[in-house]
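**Student:** what follows is a predicted protein model with its sequence.
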Amino acid sequence: MRSVKRCFLQMLLLLLVVVSSGRNAVIAQPCGKTNTIGGYAIPTKCFEIVSILVDACDGSNEGQNEMIRLVVGSKTLAPGLLSVPPFKSGSVNWGDGAQNQFLGFSEGNASLKSKIDKLNGRIAAAGNCGYLIFVPNSGRVPQRSQALIITSESFNPDAQDFSDLQDTLYVIVQKSGNTAGHFVNFGAPATREFILNYNGECNDTVAYDRGKLVKINGSNGGEDGAVVDFDYSGKATYTNYGCRVPAPKITVYISPLLAVPCGKTVFDLKGLVKGTNCFQWKLENASFGYFDKSTELNTRLTIKPSFSGRLRVILQAWGSCSIPVSDTLLIDIEEIPVSDFTLDSSAKPLYCFQRTDKLGNQWKWSGGNFTKDTAFSAVSWCDSFAVGKHKICLEVIGKSGCKDTQCYEFVVSKEPVVPKEPYLNLANVFTPGEPNDGKNDVWRFPHHGVAAFSISVYNRWGQLVFESKDPNVGWNGKVLNTGAELPGGTYVYSLSYRLINTTELVKNNGVVTLIR
């Protein structure tokens, strides 16, 4: 019960500090890493120094614009209890005996509040969620938060850019009165040491080499904007953020995929996040798949086999506030086409084939006696085959190039039954698509010894719906075999043909019933 009460009081304190700043509370995002503060582990001691802006901008006034960033541990931090030890050779120029004495922290005033408000306005105008909350000397910095020490009430709000800030920083400001720079531009020693004490309970010491500072272009040398970042062991990293707040800018990048092979459902993804350790992979629609490890930069995405279309993969990263920075990867996944067709030998010696494939965009038959057009576009076709074994294949290609091939083999008898007399037979009914067995789907014209042939089919309004001058080409129930499917019903045909060994041209009219 005691711990619950203490937690409630701490939350209440944080809420009061935020509300007093004139802005609604900033709700922190959950972090992919546990026990973190904007990507930093929770310190085991009072605080850790994580960054120093050692060479600020604003010309001769840069000593008033230098900054120190802290990560606060599991207890609140009172600015009035922070102190620095006396100056000694090799230390930075801050503390008793230094050119710039430690002046203590400000209780705040209208001018200081106006500067903080100005910076917050720029952050909001840039569409970012960072926020600055001033904490007076007599106040408290909340536990598990980040604090920013600015070296003078006289700092210039136009000297450093805060607009891309993605963290909530509690700002502590030294009183006015300092002159030259504290951290790099005063004194000869190359190795500098900075110590910050807290009420005899804890302290943190960081050291850096001024000769290792870097310029904005990455080359070695001191220049405005030079920053030294520190891990909790005190290891220094030298960088230059330009004339901006010493908080890493959060950037996110997903490595593009070189190709998406047909049927692929598992993808190895690589991401790059700078400026924070808080990040997470997500899908725009989580029901389409899952990540092996959504909080690791290198992860594996598994997509449900039934999914096809455009998949949107997102890598999000954030600081201690709630608007993430993200990058998006689009993956186009095509469902694999399925090749299939039927073989109908009921009209021997003709063998007829009809496509029943799915999801195809292009087609190619092989193994028959094709014309240039039917080899690529025929929905159905018939042909006579020589005695022996034959193999017919259909290759189906999807929209993005995925392929599937189906083949059927059949044998033509050595002694096919051939009528002795020429003939032409016409059925009076056919059933395209009914009962969906692949049989009797085409109105065909079994024949032998036909020398001339012509047939035309009309609907009840006298419109031509099919015609052929080749008895090997039947009607599939569509308008001219390539258009829309025709409804079931009775259709009228006009037929003329001549058998071999005769000069008589036979003409017949009749009806055929199409059943669906």
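**Tutor:** Ah, there it is.

**Student:** dump the residue contacts of the closest residue to Leu148 other than its chain neighbours.
**Tutor:** Spatial nearest neighbour of Leu148, excluding adjacent residues (Cβ to Cβ, 6 or more residues apart in numbering): Leu169 at 4.3 Å. All C-beta atoms are positioned from the backbone trio N, CA, C, and that covers glycine. By Cβ atoms under 8 Å, 6 or more residues apart in numbering, the residues touching Leu169 are Arg69, Gly130, Tyr131, Leu132, Ile133, Gln146, Ala147, Leu148, Val245, Ala247.

**Student:** is it correct that Ser287 falls within a strand?
**Tutor:** No: per DSSP: H, G, I helix; E, B strand; the rest coil, Ser287 lies outside any strand segment and is helix.

**Student:** list the contacts of it.
**Tutor:** Per Cβ under 8 Å, 6+ apart, neighbours of Ser287: Lys304.

**Student:** circling back: now, which of the contacts of Leu169 sits nearest Gly510?
**Tutor:** Distances from Gly510 to the contacts of Leu169, taken as Cβ to Cβ, are shortest for Gly130 (84.8 Å).

**Student:** for that closest one, give me phi and psi.
**Tutor:** Main-chain torsions, Gly130, degrees, to the nearest 10: phi -60, psi 160.

**Student:** pretty sure it is touching Gly121, no?
**Tutor:** No: if you go by Cβ atoms under 8 Å, Gly130 and Gly121 don't touch, sitting 11.9 Å apart.

**Student:** which one's more surrounded, the two?
**Tutor:** Gly130 (26 against 11; other Cβ atoms under 10 Å).

**Student:** now the more buried one: closest residue in space that isn't a chain neighbour?
**Tutor:** Using Cβ to Cβ, 6+ apart, the closest residue to Gly130 is Leu165 (2.7 Å).

**Student:** again, but for Ala484
**Tutor:** Ala484 sits nearest to Lys478 (Cβ to Cβ, 6+ apart), 6.5 Å away.

**Student:** per-residue pLDDT of that neighbour, please?
**Tutor:** Lys478 carries a pLDDT score of 93 in this model.

**Student:** how about Leu311?
**Tutor:** pLDDT, read off for Leu311, is 90.

**Student:** quick check, it in a helix?
**Tutor:** No: Leu311 is assigned strand when assessed by three-state DSSP, not a helix.

**Student:** how many residues are close by it?
**Tutor:** 20.

**Student:** so it makes contact with Ile333?
**Tutor:** Yes: proximity of Leu311 to Ile333 meets the contact threshold set by Cβ under 8 Å, at 5.9 Å.

**Student:** joint contacts of the two?
**Tutor:** By Cβ under 8 Å, 6+ apart, the residues touching both Leu311 and Ile333 are Ile303.

**Student:** look up phi and psi at Lys118.
**Tutor:** phi -60, psi -40.

**Student:** quick one on the thing from earlier: the residue nearest to Ala484 contacts Val457, doesn't it?
**Tutor:** No: counting by Cβ under 8 Å, Val457 is not a contact partner of Lys478; they are 11.4 Å apart.

**Student:** which of those two has more neighbours?
**Tutor:** More crowded of Lys478 and Val457, by other Cβ under 10 Å: Val457, with 22 against 16.

**Student:** so is the more buried one in a helix, a strand, or just coil?
**Tutor:** strand.

**Student:** can you tell me the helix or strand for the nearest residue to it once chain neighbours are set aside?
**Tutor:** Excluding the flanking residues, the one nearest Val457 by Cβ to Cβ, 6+ apart is Phe466, at 4.1 Å. Assigned by DSSP states H and E, Phe466 belongs to strand 464-468.

**Student:** and the contacts of the helix or strand following that strand?
**Tutor:** Beyond strand 464-468 on the C-terminal side, the first helix or strand identified by DSSP H and E is strand 489-499. With contact meaning Cβ under 8 Å, 6+ apart, strand 489-499 is reached by 422-424, 426, 449-460, 465, 471, 504-514.

**Student:** among those, which ones are buried?
**Tutor:** 422, 424, 426, 449-450, 453-455, 457, 459, 465, 471, 512, 514 (16 or more other Cβ atoms under 10 Å).

**Student:** below-threshold pLDDT in the stretch 51-200 of the chain: ranges please.
**Tutor:** 93, 184-189 (pLDDT under 70).

**Student:** cutoff 90 now
**Tutor:** Residues of the stretch 51-200 of the chain that meet the criterion pLDDT under 90 lie in 58-63, 84-102, 127-129, 166-167, 177-193.

**Student:** which parts of it are helices?
**Tutor:** For the stretch 51-200 of the chain, the helices defined by DSSP state H, counting those that start in this stretch occupy 110-125.

**Student:** setting the sequence-adjacent residues aside, check what's closest to Leu272.
**Tutor:** Tyr253 (4.4 Å).

**Student:** the one you found falls within a helix, correct?
**Tutor:** No: going by three-state DSSP, the assignment for Tyr253 is strand, not a helix.

**Student:** let me see the contact set for it.
**Tutor:** Gly271, Leu272, Val273, Leu315, Asp327.

**Student:** what about it, distance to Gln166?
**Tutor:** For Tyr253, the distance to Gln166 equals 16 Å [Cβ to Cβ, to the nearest Å].

**Student:** Asn361 too?
**Tutor:** On the measure of Cβ to Cβ, Asn361 and Gln166 end up 45 Å apart.

**Student:** please say which of those two ends up with more neighbours.
**Tutor:** The residue with more neighbours, out of Asn361 and Gln166, is Gln166; 27 against 13, by other Cβ under 10 Å.

**Student:** is Gly211 in a helix, a strand, or coil?
**Tutor:** helix.

**Student:** tell me, how many residues neighbour the residue nearest to it when sequence neighbours are not counted?
**Tutor:** Spatial nearest neighbour of Gly211, excluding adjacent residues (Cβ to Cβ, 6+ apart): Ala190 at 4.9 Å. For Ala190, the count of nearby residues is 11 (other Cβ under 10 Å).

**Student:** so what's Ala190 up against?
**Tutor:** Applying Cβ under 8 Å, 6+ apart, the residues contacting Ala190 are Asp209, Arg210, Gly211.

**Student:** touching, the second one and Arg192? I think so.
**Tutor:** What that stands for is Arg210. Yes: between Arg210 and Arg192 there is a contact at 5.9 Å, judged by Cβ under 8 Å.

**Student:** distance to Ser294, pLDDT and neighbour count for the contacts of Ala190 - can I get that in TSV?
**Tutor:** Output for the contacts of Ala190, formatted as TSV (distance: Cβ to Cβ, whole Å; pLDDT from 0 to 100; neighbours: other Cβ atoms under 10 Å):
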residue	distance to Ser294	pLDDT	neighbour count
Asp209	39	90	13
Arg210	42	86	21
Gly211	42	87	11
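
**Student:** the strand or helix carrying Asp332: which residues count as buried?
**Tutor:** Taking DSSP H and E as the definition, Asp332 sits inside strand 325-333. For strand 325-333, the neighbour count (16+ other Cβ under 10 Å) marks Val325, Asp327, Leu329, Ile331, Ile333 as buried.

**Student:** spell out which strands sit alongside it in the sheet and which way each one runs.
**Tutor:** strand 309-317 (antiparallel) (DSSP bridges).
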